[in-house]
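**Student:** One predicted model, sequence on top.
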Amino acid sequence: MLRTENLSYELHGRRLLAPLSVSFKPGQLHAIFGPNGAGKSTLLRLLAREWLPSAGSITLDDRPLGEWPAAELSRHRAMLPQQHALSFPFSAREVVELGRLHAVRQTAAQERAIASEALAACGASALAPRSYAQLSGGERARVQLARVLAQIWRSPNGASRYLLLDEPTAHLDLAFQHACLRLARDWLQHQVCVIAVLHDPNLVLSYADEVIVIADGQLHAQGAPAEVITGALMQDVYGLGADRVQTASGGHWLAVRSGI
Amino acid sequence: MRRLAQCRRMTAPDRRIAAFVWTCLLLATLAGLSLWAILAGPFPLSFSDLPTLSPAQHSVLFNLRLPRLVAAIGIGGGLAISGCSFQAVLRNPLADPSFIGVSGGAAVAAAACLAVLHQLSFIPLPPQVLIAVAALTGGLASAALVMRISRVDGDAQPITLLLAGLAINALAGGLLGLIAYSSSDPTLRAITLWLFGSLDRAGWSQLAVAMPAILIASLLLWRMAPALNVILLGEAEAAHIGVKVAALKRSAIVLAVICAACSVALAGVIGFIGLMVPHMLRMLMGPDHRGLMPLSFLGGAALLTLADTIARIAVQPAEIPVGILCALLGAPFFLGLLLHWRRNPVLT
């Protein structure tokens, strides 16, 4: 379990995240939802140990996050960042293989197979031999997702794994947005905890087990998406009118009204 | 251009085979060039002379040509590996020890040390060690300064880095001029050598200091190749993959400065090798440092051996400083790179 205790973060005296105590469980897809600049990426970066908390603590599998050796931590959690710049001409396959730096090394053939499977899982097999620098934004996003999956491809002696995704659906076309989140849900069955920053309330409603809504660096709401993502919440957080629609299959759908 | 397109379609095993083929080719080229470097010159030797050398020939071979060849191989290789490492750590394909001010800083410190050498006689160290230590100090200081200046929000910006290097180089040029202007004749001659870059000064006693340092630093840098590959993804990304980014950057920069500074202590500022060699090899076999670094060493060694031999025999019995030759060769190459990048911007 990945757990925060009164976690907060300040930068140059500005509070980006107010004290927050939440926990993320393996086997569940946790969505982080909220407006731009609300502190979603801040939370994710703290969880990934990219930034160090100003106060409070984070524990990963009951061990303080700061005490994990870098290489060991990298076998348990992977993080997909928002930006995907790379100014050296690696092929897409090589980019995926870079994720395996500290993985428990298999034979060369198995390593190649892992990279191929990770690319295939992200619908990027055809991109493997192409130069990463020449791929489109969406193609790069898929290759980066494959790289992140390859990093935690096998569970180290059955332990939980954590997949942190910062806006995984940005740059992706509609079909791949859903494919990406279906893929994340497949991983849940193998002791994986997925934490994803999402901007589309309908993706949250369709795929998340739990949602944390952050606004102005504060926890605004938390719980099952069907209870949290409501028209009232959209009005509170975004100032947008929205209607909740029940679909024939029993799911929920949020239709945002135009401002006019 | 077609070559480049082919290379982009290469798969990983193809690239491994390509790396092997290029290693063999470069080794053969280096061997051929070495033989040429030993035999050619104002006092010609021939291959058939080698088993039965006259004392004069023996002296030319073992006291002039061989140390010079060893210096060319070590310095060329060291500069190429140094450039390759700076490019990786700074994620900037334009980084070269002479561009970012490291060579300039090392040259100033080495020249200053040389100018006051007779006053340093109380230090019980041979002069070549003193000069190497001075060069290393100067190189490290300017590297630290450039990194400090070019860092914006924890990340080195490509353009700021080159501008900071430009400023440090200008400062180094001024200081070198000042030292040269205020020094006596024999010192002036030695300092002029630094300004141009020449292997003329390389003797066994200087090599005994510089070569082990360059070789060990190069091998240690090669050991970092997998982590240097990952750091190209970005520093935050590398940290997520388990790289200890700050420690890696620090040790890679120190080792790269050692390579560059030892080269400067021995032969002055020789530019462009650290830029040209890794760049050409990257186009041929991709950016994977596990193969790129040893190949860069071989490529740098071959290029400097070639340039130095041409510098020695072009205007016999005089010689052109090899640094001038490298600049004449490198500047058009660099302009070509800039033009290419203007059309395909990869620097963000």
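**Tutor:** Ah, there it is.

**Student:** Low-confidence stretches in the stretch 151-300 of chain B?
**Tutor:** Within the stretch 151-300 of chain B, the stretches with pLDDT under 70 are B:152-158.

**Student:** Looking at it, which residue is nearest chain A?
**Tutor:** Closest residue of the stretch 151-300 of chain B to chain A, C-beta to the nearest C-beta: B:Gly242 (3.0 Å). Where C-beta positions appear, they are placed from N, C-alpha and C, glycine not excepted.

**Student:** Now that residue. Its backbone dihedrals?
**Tutor:** Dihedral pair for B:Gly242: phi 100, psi 10, per degrees, to the nearest 10.

**Student:** Touching, it and A:Ser74? I think so.
**Tutor:** Yes. Contact criterion C-beta atoms under 8 Å: B:Gly242 and A:Ser74 qualify, at 3.0 Å.

**Student:** Are there residues contacting both of these two? Which ones?
**Tutor:** Counting by C-beta atoms under 8 Å, 6 or more residues apart in numbering or on different chains, the common neighbours of B:Gly242 and A:Ser74 are A:101-102.

**Student:** residue ranges for the strands of the stretch 1-150 of chain A, please.
**Tutor:** With strands called from DSSP state E, counting those that start in this stretch, the stretch 1-150 of chain A shows them at A:2-11, A:14-20, A:23-24, A:29-33, A:55-60, A:63-64, A:77-80.

**Student:** and chain B, which of these is closest to it?
**Tutor:** For the strands of the stretch 1-150 of chain A, distance to chain B was read as C-beta to the nearest C-beta. The smallest value, 4.5 Å, belongs to strand A:77-80.

**Student:** Do me a favour and average the pLDDT over that closest one.
**Tutor:** Strand A:77-80 carries an average pLDDT of 94.

**Student:** Repeat that for stretch B:97-116.
**Tutor:** Confidence for stretch B:97-116, expressed as mean pLDDT, is 89.

**Student:** Same check on stretch A:139-155?
**Tutor:** Here the average pLDDT along stretch A:139-155 is 93.

**Student:** From A:Glu67, how far off is the residue of the stretch 151-260 of chain A found nearest chain B?
**Tutor:** Closest approach between the stretch 151-260 of chain A and chain B, counting by C-beta to the nearest C-beta: A:Gln151, at 6.2 Å. In this structure, A:Gln151 and A:Glu67 are 20 Å apart, going by C-beta to C-beta, to the nearest Å.

**Student:** Then B:Leu45?
**Tutor:** Distance, B:Leu45 to A:Glu67, by C-beta to C-beta: 65 Å.

**Student:** Looking at those two now, which is surrounded by more residues?
**Tutor:** B:Leu45 (16 against 9; other C-beta atoms under 10 Å in any protein chain shown).

**Student:** what about A:His171, is that helix, strand or coil?
**Tutor:** Using DSSP: H, G, I helix; E, B strand; the rest coil, the structure places A:His171 in coil.

**Student:** Burial check on it, number of neighbours?
**Tutor:** When neighbours are defined as other C-beta under 10 Å, A:His171 has 18 of them.

**Student:** Could you list the contact residues of the stretch 201-348 of chain B toward chain A?
**Tutor:** Contact residues (C-beta under 8 Å from any C-beta of the partner chain) of the stretch 201-348 of chain B with chain A: B:226-227, B:229-230, B:232-234, B:236-237, B:239-244, B:282-283, B:286-288, B:346-348.

**Student:** Okay then, goodbye and thanks.
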